[in-house]
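turn this into a structure:
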Amino acid sequence: MASPQKTSRKAAGTRAAIRRARPASGRAHSGDAGDVIGLDALVGHAGYAVRRFQLWIFQDFIKTLATVDIRPTQYSVMTVIGANPGLSQMAVAKRLGIERARLVHLLDSLEERDFVSRIPSTIDRRSHALHLTTRGKAALAQFKRLAAEHERHVAEKIGKANREQLLRILACFT
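Have a look, this model is predicted:
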């Protein structure tokens with residue numbers, strides 16, 4: 001009988017091997033220790049597939065925009081502010097589904113880089129209107145060019161028609 005310490009190490013190794021698996025289907029894959037790892041019911045779970053795709057998407061976005069040091073959420077915030085100058089922090093947070101405290105931190109970092117400015121609202125003294133700075137507008141134009149390159153990577157990965165269909169399917173969530 002295996003000792004508790006050996007069993008614990010074996011279980012931890014199995015969990016680590018499962019985390020490292022990068023399956024494209026339900027077929028089994030080999031882990032580091034030569035274990036065969038199947039996905040069982042996960043193959044039919046949309047949430048699992050969407051999460052794996054999201055991880056790939058974020059990794060590719062971050063890699064593609066690495067030269068400009070912009071993260072997906074920062075890009076989203078700047079894009080919304082650029083399209084809607086003068087929005088309040090609350091409106092941006094609500095529209096993008098970002099917690100207010102997290103948005104404050106994001107805006108602080110974008111302000112430090114002189115991409116975004118907070119201007120006291122003329123409508124509500126308690127809030128600020130968000131605007132892209134001149135530097136922020138130029139940066140966003142560059143970010144959008146790089147993001148278009150990232151979208152080309154997505155189309156290469158899943159096919160142009162599938163990308164368009166995926167956007168139609170997911171439109172009800174945006």
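
tell me the centre residue of this protein?
Nearest to the geometric centre of the chain sits F58, at 4.5 Å (Cα atoms, centre = their mean).

tell me where this protein has strands.
Listed in chain order, the strands of the chain (DSSP state E) span 29-30, 36-37, 87-88, 116-120, 128-132.

quick one: which of those strands is nearest D108?
strand 116-120 (9.4 Å; Cβ to Cβ). Using the backbone N, CA and C atoms, a C-beta is placed for each residue, glycine as well.

paired strands for that closest one, with orientation please.
strand 128-132 (antiparallel) (DSSP bridges).

what comes into contact with the partner strand?
78, 81-82, 85-89, 92, 107, 115-122, 140 (Cβ atoms under 8 Å, 6 or more residues apart in numbering).

and Q74, how many residues sit next to it?
By other Cβ atoms under 10 Å, 19 other residues sit near Q74.

who touches it in this structure?
Q74 touches 106, 109-110, counting by Cβ under 8 Å, 6+ apart.

please identify the most buried of the strands of the chain.
Across those, averaging neighbours per residue (mean count of other Cβ atoms under 10 Å) puts strand 128-132 on top, at a mean of 20.

pLDDT (mean, whole number) over that strand?
Strand 128-132 carries an average pLDDT of 95.

for the protein, which helix is longest?
In the chain, taking DSSP state H as the definition, the longest helix is helix 134-158.

circling back: same list, the strands of the chain, but as a markdown table with distance to E151 please.
What follows is those, written out as a markdown table (distance: least, Cβ to Cβ, whole Å):
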| stretch | distance to E151 |
| --- | --- |
| strand 29-30 | 29 |
| strand 36-37 | 32 |
| strand 87-88 | 24 |
| strand 116-120 | 24 |
| strand 128-132 | 21 |
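
who wins for proximity to R100 among those?
Going by Cβ to Cβ, the one of the strands of the chain nearest R100 is strand 87-88, 10.7 Å.
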